[in-house]
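**Student:** Kindly generate the corresponding structure for this input.
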Amino acid sequence: MLDTNVLLDFWVFDDPVARPLRAALDAGRIVALRDAACDAELADVLARPRFALDARQRATLLAAWRAKAEPVARVCATALACSDPGDQKFIDLAVCAGADALVSKDRALLALRRRAARSGLKIVSPAAAPAVLGFTPDGA
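**Tutor:** Predicted structure coming up:
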């Protein structure tokens, strides 16, 4: 499970820290999950003026995401509450879909690490993701 900030690091900022994670996704070594709420947030964020993406660029990025990630119909709300209500959708999707991990740089989500671990969900930064998800940063 990848949050919106990680996707921006992939496709807008080309963050070197996120490159191993993107390479693992592109190679099929990890599976990303998405739902309508997360897709809508990505579309909204990509449309913000500060990213200066035209409609064609946004459509290309959204299509790439939809092609890479497995769609999930959200079927539950979890007891694990995020301090930022806007980030709750990521927790709910990760828990409901049985994700191994939620990869995020968001402080509110990372603050839930210990509580989420008791529920079986690992919340990790992009830098920690290779070790947690079992792939090496160099792609091996």
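**Student:** show me where the protein has helices.
**Tutor:** Secondary structure of the chain (DSSP state H): helices at 4-11, 19-26, 36-46, 55-68, 88-97, 107-110, 113-118, 129-133.
**Student:** what bits of the protein have low per-residue confidence?
**Tutor:** 74-75, 139-140 (pLDDT under 70).
**Student:** residue nearest the centroid of it?
**Tutor:** residue 2 (1.2 Å; CA atoms, centre = their mean).
**Student:** Name whatever forms a beta bridge with it.
**Tutor:** On the basis of DSSP bridges, residue 2 takes part in beta bridges with residue 103.
**Student:** hang on, it packs against residue 32?
**Tutor:** Yes - the pair residue 2 / residue 32 is scored as a contact, 5.2 Å apart, by CB atoms under 8 Å. For the C-beta atoms, the positions are set from N, CA and C on the backbone; glycine is no exception.
**Student:** what is in contact with those two at once?
**Tutor:** Listed as contacting both residue 2 and residue 32 by CB atoms under 8 Å, 6 or more residues apart in numbering are 25, 69.
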